[in-house]
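1. pasting the sequence and the predicted coordinates here, then a few questions.
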Number of protein chains: 4
Amino acid sequence: MTETDFFEITDRDNALFEAGIKLGALYHQFVGSPLSVSGISSMEKAIQESISAQPFVESVSVKIDAKVVAAELNEIFEYTELKGKMLDVKAIIRFNTARAFVSLKMNHEFNYPLMQIDKVEKAEE
Amino acid sequence: MTETDFFEITDRDNALFEAGIKLGALYHQFVGSPLSVSGISSMEKAIQESISAQPFVESVSVKIDAKVVAAELNEIFEYTELKGKMLDVKAIIRFNTARAFVSLKMNHEFNYPLMQIDKVEKAEE
Amino acid sequence: MTETDFFEITDRDNALFEAGIKLGALYHQFVGSPLSVSGISSMEKAIQESISAQPFVESVSVKIDAKVVAAELNEIFEYTELKGKMLDVKAIIRFNTARAFVSLKMNHEFNYPLMQIDKVEKAEE
Amino acid sequence: MTETDFFEITDRDNALFEAGIKLGALYHQFVGSPLSVSGISSMEKAIQESISAQPFVESVSVKIDAKVVAAELNEIFEYTELKGKMLDVKAIIRFNTARAFVSLKMNHEFNYPLMQIDKVEKAEE
C-alpha cells in the first residue's frame, strides 16, 4: 500500500463520525424504555434534549409514531417498549467547517430501522 | 427441610417483587443518558411517565439533583450522564391487597445509590 | 387505617424486592444488544456473571433461545437484538433467612416476557 | 451557498458514519452493566461479539482495565458498573472501498472517554 492510500482526517470525516455516535447512542440508550401512548411526547422531548447535550450537535428532532406504539401495546398490560421501528429521528451535527445531516427511520424494504447520511455541507466558519 | 419452610406466595410478596423490577428497570434503562442541567426536567418527566406505564405502578416520582449534575459536568464538553448518585426516586406499587413504598437514593455512608423498601401497607380491595 | 395495616419489613420482603431488582436490571441493561447466533453463548455468560456480581445473588442462569434468535435475524444484515422473548432466566436471591426463586420467561398466553416468583423458602442461618 | 458546497456521499463518509454508530452503540448499550473483576473477561468477549454482529464491522477489540475496576469496587457490595473510563476499544469498519480505524479510550487531559478516528484507508475491492 502506498502513502496515498491513507487519507488525512478532515472536518467532514469527524462530522460524520460524530453523527454516527449520536444515532448509535440514542438508539441503544433509549430503545427498550417502557412506553404508553400518553408517554410519547415526554419521551420525544427527553431524547431530544439528552442527545442535544452531546458535543457537536446543532439539532435533534425525535418523532415517535403513535400508531405503531398503539399497535404494539400488550393487550393485557397496555404498554410496550420504545422500538426502533417507532422512531423518526433527524440530527444535524457540525464539526468546524462541515455539517452532516443524518437520520434514523424504519426502512420497510429492509425491515430495519435504518440510519443514513442525508447530506453533508460546508459550514460557515 | 420441612413442608413449612416453604412460603405461600402472597400479594405482599408480589408487590415487593414488582417494586424491585421497577427500580431495577429505571436504573438500568436511563442511567448513562447524556444530561445537561437544562435537560433535567424533561428527563425527570420522561422517566416518571415511562416507569408509570408498567404494570402495578400507582405512582413514581423522579428528582434529579441539579447540584450534582452541575458538579459532574465535563469541563470541556459541558455535559455529563445520568448517574445513580443524582437520583431521588420514590415509587408506590400495588398488587391487589398490598401496597409497597420503595425508594432509590444516594446513601453516602455506603457510597451507593441504595434501593430500599420504605413501607408496606394493606390496600383497600 | 389502623396501625396493624402496616407490615414490618422482613427478610422475605427484602429477598423478593432484591429479586425484582435483579430481573429488572438484567432486562433493561442487556435487551437491545446486537446479537447473532454465534454470539449467544458469550452473551449468556456475560449476563450471568454481570448479574451475579450484584448483592444477594446466589445464582443466575441465562438461556437465550437460538431458534428465536435465528427466526428474528434481519434478512439483509443477518443479525438481530436481544429481545425479551428470547430469554429464559432463573435466579436465586438470598436475604439473610429468606431465599427467593424467580424467573423470566416468555409467556405465550400473555405475549409477554413474564417475570415471576416461583418459590420462597427459609434459608439456613 | 453554491452548489459546490454540498458534498457527494462517499464510501469514506459511510465508513466513518458506521464507525461512529458502533462506538455509540457499544457505549450506551453496555456501560452501566454490573461488573466485578472476575466478570471482566466474559464482558469483554460478549461486547466484542455483540458489536461484531453489526453490519460493516471487520473487527472489534475490547479491553476493560482491571485496575480501574478494582479501584471502583464499592467497599460494601464489592462490585461496580462498567464505566467509560474502564474501556479501551479499537474497531475497524469497512464500507466498500474505505476502511476506518476508530477507538474509544479514556483521555485524561479531557477527563473524558474519547471516541476518535485513528486512520482511514482505501480497501481493496
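-> Here it is on my side, so go on.

2. tell me the residue of chain A that sits nearest chain C?
-> Using Cβ to the nearest Cβ, the closest approach of chain A to chain C is made by A:Gly32 at 4.8 Å. Using the backbone N, CA and C atoms, a C-beta is placed for each residue, glycine as well.

3. which residues of chain A fall in helices?
-> A:11-30, A:40-52, A:66-72 (DSSP state H).

4. from memory the residue of chain A closest to chain C sits against B:Gln29, does it?
-> Yes. At 6.2 Å, A:Gly32 counts as touching B:Gln29 under the criterion of Cβ atoms under 8 Å.

5. ok, the residue of chain A closest to chain C - contacts?
-> By Cβ atoms under 8 Å, 6 or more residues apart in numbering or on different chains, the contact set of A:Gly32 is A:Glu81, A:Leu82, B:Gln29, C:His28, C:Val31, C:Gly32.

6. thinking again about what came up before, save the helices of chain A as JSON lines, and put in distance to chain C, mean pLDDT and mean neighbour count too.
-> Shown next, in JSON lines, are the helices of chain A (distance: least, Cβ to the nearest Cβ, whole Å; pLDDT from 0 to 100; neighbours: other Cβ atoms under 10 Å in any protein chain shown):
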{"stretch": "helix A:11-30", "distance to chain C": "6", "mean pLDDT": "98", "mean neighbour count": "26"}
{"stretch": "helix A:40-52", "distance to chain C": "15", "mean pLDDT": "98", "mean neighbour count": "22"}
{"stretch": "helix A:66-72", "distance to chain C": "11", "mean pLDDT": "98", "mean neighbour count": "14"}
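
7. for chain B, which of those is the nearest?
-> helix A:40-52 (3.3 Å).

8. ok, and what's touching that closest one?
-> Counting by Cβ under 8 Å, 6+ apart, A:22, A:25-26, A:29-30, A:33, A:35, A:57, A:59-64, A:66, A:69, A:82, A:91, B:33-36, B:38-39, B:42-43, B:45-50 sit against helix A:40-52.

9. cool, and stretch A:96-104?
-> Applying Cβ under 8 Å, 6+ apart, the contact partners of stretch A:96-104 are A:10-12, A:14-16, A:18-20, A:22-23, A:26-27, A:58, A:84, A:87-94, A:113-123, A:125, D:17.

10. can you tell me, leaving aside adjacent residues, what's nearest to the residue most central in space within chain A?
-> Centroid check for chain A by Cα atoms, centre = their mean gives A:Leu23 as the closest residue, at 3.7 Å. Distance criterion Cβ to Cβ, 6 or more residues apart in numbering or on different chains; nearest residue to A:Leu23, sequence neighbours excluded, is A:Met115 at 4.7 Å.

11. and if you look at A:Lys85?
-> A:Met106 (4.5 Å).

12. was I right about the one you found contacting A:Lys83?
-> No. Using Cβ under 8 Å, A:Met106 is not in contact with A:Lys83; the gap is 9.3 Å.

13. neighbour-wise, which of those two wins?
-> Set A:Met106 next to A:Lys83 and count neighbours by other Cβ atoms under 10 Å in any protein chain shown: A:Lys83 wins out with 21 against 17.

14. what pLDDT does the model give the more buried one?
-> Looking at A:Lys83, its pLDDT is 98.

15. measure it to A:Ile76 for me?
-> 18 Å (Cβ to Cβ, to the nearest Å).

16. related to what we said a few turns ago, quick one: pLDDT of the residue nearest to A:Leu23?
-> pLDDT, A:Met115: 98.

17. before we move on, the earlier item: which residues do A:Gly32 and B:Gln29 both contact?
-> Joint contacts of A:Gly32 and B:Gln29 (Cβ under 8 Å, 6+ apart) are C:His28.

18. chain B contacts on chain A?
-> By Cβ under 8 Å from any Cβ of the partner chain, the part of chain A that sits against chain B consists of A:25, A:29-30, A:32-36, A:38-39, A:42-43, A:45-55, A:77, A:79.

19. ok, 7 Å please
-> Applying Cβ under 7 Å from any Cβ of the partner chain, we find that chain A lies next to chain B at A:29, A:32-36, A:39, A:42-43, A:45-46, A:49-51, A:53-55, A:77, A:79.

20. skip the chain neighbours and tell me the closest residue to A:Val68.
-> Closest to A:Val68 by Cβ to Cβ, 6+ apart is A:Met86, at 4.6 Å.

21. typo on my end, it should be A:Ile9
-> D:Ile117 (5.2 Å).

22. now do the contacts for that neighbour.
-> Neighbour list for D:Ile117: A:Ile9, A:Asp13, A:Asn14, A:Phe17, D:Leu16, D:Ala100, D:Val102 [criterion: Cβ atoms under 7 Å, 6 or more residues apart in numbering or on different chains].

23. got the contact list for the third one?
-> Yep, that's A:Asn14 we're talking about. A:Asn14 makes contact with A:Phe95, D:Ile117 under the criterion Cβ under 7 Å, 6+ apart.

24. read off the pLDDT value for A:Thr2.
-> Per-residue confidence (pLDDT) for A:Thr2: 47.

25. pretty sure A:Ile64 contacts A:Leu87?
-> Yes. Applying Cβ atoms under 7 Å as the test, A:Ile64 and A:Leu87 come out as touching, 6.4 Å apart.
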